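> Quick one: sequence and predicted model below, then my questions.
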Amino acid sequence: MSEETYVYLCNKLRPAMERQDTPFRECIPLKKRVAIALWKLATGSEYRSIGHLFGVSNTTVCRCVQDFCAAAETLFVPELICSPDREQFAEMAAYTENRWGLPQCVGAIDGSHIPILGPQEYHCDYFNRKGWHCIILQGVVDGKGHFWNVFAGMPGSLHDARVLRLSSLWELASHGNYFPPCTRNIGGVNAGYYILGDNAYPLQNWLIKTFPDNGQLTAEHVIYNKRICRARVPLSTVHRLVHQGVEDIADALRQSVIRLPAGPELEEVGQGFQQLADSPAFSSCVGAIDGCHIRI
């Protein structure tokens, strides 16, 4: 990472990550907190090793990583991944037509399987057809490979069509509230803006896909399918890069972080023990303690 990029990140994340000194202690400088998080995400080193390197505790390393990820999501996602306006849709359609020969096309949709550690509850739901646990990232990119719609977090066992129907994109586009009402006569049909999908997705007036190859395709169908496949090249490239990047970050974050309950959460835990226990002696119990060896 260049110095310019590092300074840019620090300035961008300053509102969410910067801390103030107190009468009891001096805060860790912003640049140091960002550097700790970047080192963890880039190398995957243990909290203990990073703590020794930067002269901080393991807990501080953990908090820096959590604060960095939360701040990046809060500050970068609304700016970098947002719904296009009317002018942006027109620009995307013009670029795709000039580059791939598809008028009114504003993007392509696909899903990526992001590997995760299998959760203890409902782990079968996250087991995909490839044989590993994951969540699904559904993304729509334009002809330049820029994301403009993302929906993530669904269990890996779900079909791509099911994930689409659960997303806000389906709800808005199906009711005609997502794409601007800009139509164009194509072959005698007034076509609005649309996105491309593979055969796993349902055919809609705003989502088109290739003709299934049943051995009886006409020459026009073959040409149409080839153009669709060529236009989906940026999408495939972007999803492959995203998948590789997420795998690298996942390898760096294999260590689990346990957040301790406090305040009202402790009261809820205590009520749960009181309902489960037969003895009144457990009425104020909020947990149980034991020790185990965790290999890191």
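Thanks, I have it. Residues are numbered from 1 along each chain as shown.
> for the helix or strand containing residue 222, packing partners?
Secondary structure assignment for residue 222, by DSSP states H and E: helix 219-231. Counting contacts by 3 or more C-beta pairs under 8 Å, 6 or more residues apart in numbering; DSSP states H and E, the secondary-structure elements packed against helix 219-231 are helix 86-100. C-beta: built from backbone N, CA, C; applies to glycine.
> Just the buried positions in the helix it packs on, please.
Residues 89, 91, 92, 93, 96, 97, 100 are the ones in helix 86-100 that count as buried (16 or more other C-beta atoms under 10 Å).
> What of stretch 31-38?
In stretch 31-38, the ones that count as buried by 16+ other C-beta under 10 Å are 32, 33, 34, 35, 36, 37, 38.
> just checking, the first one touches residue 54?
Yes - with contact defined as C-beta atoms under 8 Å, residue 32 counts as touching residue 54 (6.6 Å).
> Just send the buried residues of stretch 31-38 back as CSV, with pLDDT too.
Compiled in CSV, the buried residues of stretch 31-38 are given as follows (pLDDT from 0 to 100):
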residue, pLDDT
32, 94
33, 94
34, 94
35, 94
36, 94
37, 93
38, 92
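> In helices, which of these appear?
Counting by DSSP state H, the part of the buried residues of stretch 31-38 found in helices is 32, 33, 34, 35, 36, 37, 38.
> closest to residue 163 among the residues you listed?
Lowest distance from residue 163 to these (C-beta to C-beta) belongs to residue 37, with 30.0 Å.
> Tell me who's in contact with the closest one.
Residues near residue 37 by C-beta atoms under 8 Å, 6 or more residues apart in numbering: 64, 65, 67, 68, 69.
> what's the burial count for the second one?
Same thing as residue 65. Residues lying near residue 65 (other C-beta atoms under 10 Å) number 23.
> what's near enough to touch residue 10?
The contact partners of residue 10, taken as C-beta under 8 Å, 6+ apart, are 30, 31, 34.
> Tell me which stretches of the stretch 51-200 of the chain form strands.
Listed in chain order, the strands of the stretch 51-200 of the chain (DSSP state E, counting those that start in this stretch) span 105-115, 134-141, 147-155, 184-186, 189-191, 194-196.
> Kindly state the domain boundaries assigned to the chain.
Under automatic domain parsing, the residue ranges defining each domain of the chain are 3-79, 82-252, 260-286.
> Return the member of those domains having the minimum mean pLDDT.
Out of the domains of the chain, the stretch the model trusts least by mean pLDDT is domain 260-286, with a mean of 45.
> one step back: just send the contacts of residue 10 back as TSV, with distance to residue 149 too.
Putting these into TSV (distance: C-beta to C-beta, whole Å) gives the following:
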residue	distance to residue 149
30	32
31	34
34	29
